[in-house]
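*Asks:* sequence first, predicted coordinates after that:
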Amino acid sequence: MNDCLVIIPTYNEIENVELVIRKVFALPLPFHILIVDDGSPDGTAGKVKELQERYHHRLHLVERQGKLGLGTAYIFGFKYAIQRGYHYVFEMDADLSHNPRDLLKLYHACHDEGYDLAIGSRYINGVNVVNWPMSRVLMSYFAGRYVQFVTGMPIRDATAGFKCYHRRVLEAMDLDRIKFVGYAFQIEMKFSTWKFGFRIKEVPIIFTDRARGQSKMSVNIIREAVFGVIYMKISSFFRHYIPKGVNA
């Protein structure tokens, strides 16, 4: 069994999914990929099945019925990875906004430097975002400052969705207790990782906005993130962060 699993949730990514898969499999490390497709009507899952004929032992597909949310896709993927013995578990977007070559940087931070969570950060070295309008850059940047202020986390890119977890992080959490499904999910996972005392490193990347397909951003996702941060902070006062399976 390979050590590395890249989880890529998809919904209507027919224009991107083949290219991102081929780019990951062209890397010098033998990554495996799990596509979690939420019933894409554009045929995304069908394209993945075609590619499985070539990459049958490295490319995995789970098809779900309907749009169940980003967070639930990753939680499913985390459980899948733990059950199958992967040690390094990656989150990555399907739209090529995350450069597949940066998977190597995240892997190096966890495997060679010993970090428990490596975050592909847009803001650790200035602002490294390409093709976003200034309004969205500012919203994203100040969202990170807002999260830092409310939670106290020393993480500059709290909403980042390009990450590598060592399996011990995921095993320590009760993944069924993760509440949020949109961008607040990304914040909640980082917050929980930090509260459990795991070592976290932000790795500088350049984020490039999607060139093909439709963004999944919505007002509800933004609202969940804004109010979810406050909920997380207040809830943390009443919770003991003890690894799953360990008695208090």
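*Replies:* Structure's in. What do you need?
*Asks:* rest of the way, CA atoms for contacts and neighbours
*Replies:* OK.
*Asks:* beta partners of the residue most central in space within the chain?
*Replies:* For the chain, the residue nearest the mean C-alpha position is residue 91 (3.2 Å; C-alpha atoms, centre = their mean). Judged by DSSP bridges, the bridge partners of residue 91 are residue 7, residue 163.
*Asks:* surely it meets residue 166?
*Replies:* No: contact criterion C-alpha atoms under 8 Å: residue 91 and residue 166 do not qualify, at 11.8 Å.
*Asks:* in the chain, where is pLDDT below threshold?
*Replies:* 1, 210-222, 224-225, 245-248 (pLDDT under 70).
*Asks:* the strands in it, which residues?
*Replies:* 4-10, 32-37, 59-63, 88-91, 117-121, 129-130, 163-166, 200-204, 207-208 (DSSP state E).
*Asks:* can you put the ones you listed in TSV and add distance to residue 236?
*Replies:* Output for those, formatted as TSV (distance: least, C-alpha to C-alpha, whole Å):
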stretch	distance to residue 236
strand 4-10	28
strand 32-37	30
strand 59-63	33
strand 88-91	24
strand 117-121	20
strand 129-130	32
strand 163-166	21
strand 200-204	19
strand 207-208	31
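*Asks:* any idea which of those strands gets closest to residue 234?
*Replies:* Among the strands of the chain, the nearest to residue 234 by C-alpha to C-alpha is strand 200-204 (22.4 Å).
*Asks:* show me the helices in the chain, by range?
*Replies:* 17-25, 44-52, 70-83, 102-111, 134-151, 167-172, 183-195, 219-236 (DSSP state H).
*Asks:* list the contacts of residue 38.
*Replies:* 9, 10, 11, 63, 64, 65, 66, 67, 68 (C-alpha atoms under 8 Å, 6 or more residues apart in numbering).
*Asks:* and which of these is nearest to residue 194?
*Replies:* residue 9 (24.1 Å).
*Asks:* the nearest residue to residue 71 once chain neighbours are set aside - how many residues pack around it?
*Replies:* With C-alpha to C-alpha, 6 or more residues apart in numbering as the criterion, residue 71 has its nearest non-adjacent residue at 3.9 Å, and that residue is residue 181. Using other C-alpha atoms under 10 Å, residue 181 is surrounded by 20 other residues.
*Asks:* next one: residue 3
*Replies:* Neighbour number of residue 3 under other C-alpha under 10 Å is 16.
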